[in-house]
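*Asks:* next comes the sequence, and after it the predicted model I'd like to discuss.
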Amino acid sequence: MSNAERTQAGRELQEAADEFIGALRLAHGMDETAFARLADAITGFGAAWEAEEHLPKSAVNALVGLFSWIDSASHLYEGEEAKRIRQAAMEAETLIFRHVVPARGPES
């Protein structure tokens, strides 16, 4: 992918994360549409950067904090809503490990 496409993927990731986490922190609840956008942004970011050896620092910061930001927001809620938000945090983490930082095998 081109540098412009990688930059756009990073921008989309940050915007989707801000939208989803912002809604949680403002007590708007679990927004399935915003989470789907975040999941797509994580997958798209991974695809945009898969051929690169290094990720931009700003994206790494966003990805590293994503689980804890979502999980901590779940404590603003109770019951099933809190459970759904914690599940979203785990799903986001799984997507990151599956699409952005897959484990590399030994070099042949």
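*Replies:* Noted; the coordinates are in hand.

*Asks:* going forward, measure contacts between C-alpha atoms and count neighbours the same way
*Replies:* Will do.

*Asks:* tell me the helices in this structure, going along the chain?
*Replies:* 3-25, 32-49, 57-73, 79-95 (DSSP state H).

*Asks:* to V101, which of those helices lies closest?
*Replies:* helix 32-49 (7.7 Å; Cα to Cα).

*Asks:* give me the contacts around that closest one.
*Replies:* 1, 5-6, 9-10, 12-13, 16-17, 19-20, 55, 88, 92, 95-96, 99-101 (Cα atoms under 8 Å, 6 or more residues apart in numbering).

*Asks:* report the buried residues of that helix.
*Replies:* Across helix 32-49, burial judged by 16 or more other Cα atoms under 10 Å covers 34-35, 37-46, 48-49.

*Asks:* any idea how many residues pack against R11?
*Replies:* R11 has 16 neighbours, counted by other Cα atoms under 10 Å.

*Asks:* again with V60
*Replies:* Considering only other Cα under 10 Å, V60 is surrounded by 14 other residues.

*Asks:* what about it, distance to M30?
*Replies:* From V60 over to M30 the distance is 24 Å, taken as Cα to Cα, to the nearest Å.

*Asks:* kindly report the same for G22.
*Replies:* Applying Cα to Cα, the value for G22 to M30 is 11 Å.

*Asks:* try A48
*Replies:* For A48, the distance to M30 - Cα to Cα - is 27 Å.

*Asks:* what pLDDT does M1 get?
*Replies:* pLDDT for M1: 82.

*Asks:* spatially, which residue comes closest to it, not counting chain neighbours?
*Replies:* Leaving out its chain neighbours, the residue that sits closest to M1 by Cα to Cα, 6 or more residues apart in numbering is A48, at 6.0 Å.

*Asks:* helix or strand with the lowest mean pLDDT in the protein?
*Replies:* Every helix and strand of the chain was ranked by mean pLDDT, DSSP states H and E. The lowest is helix 57-73, at a mean of 92.
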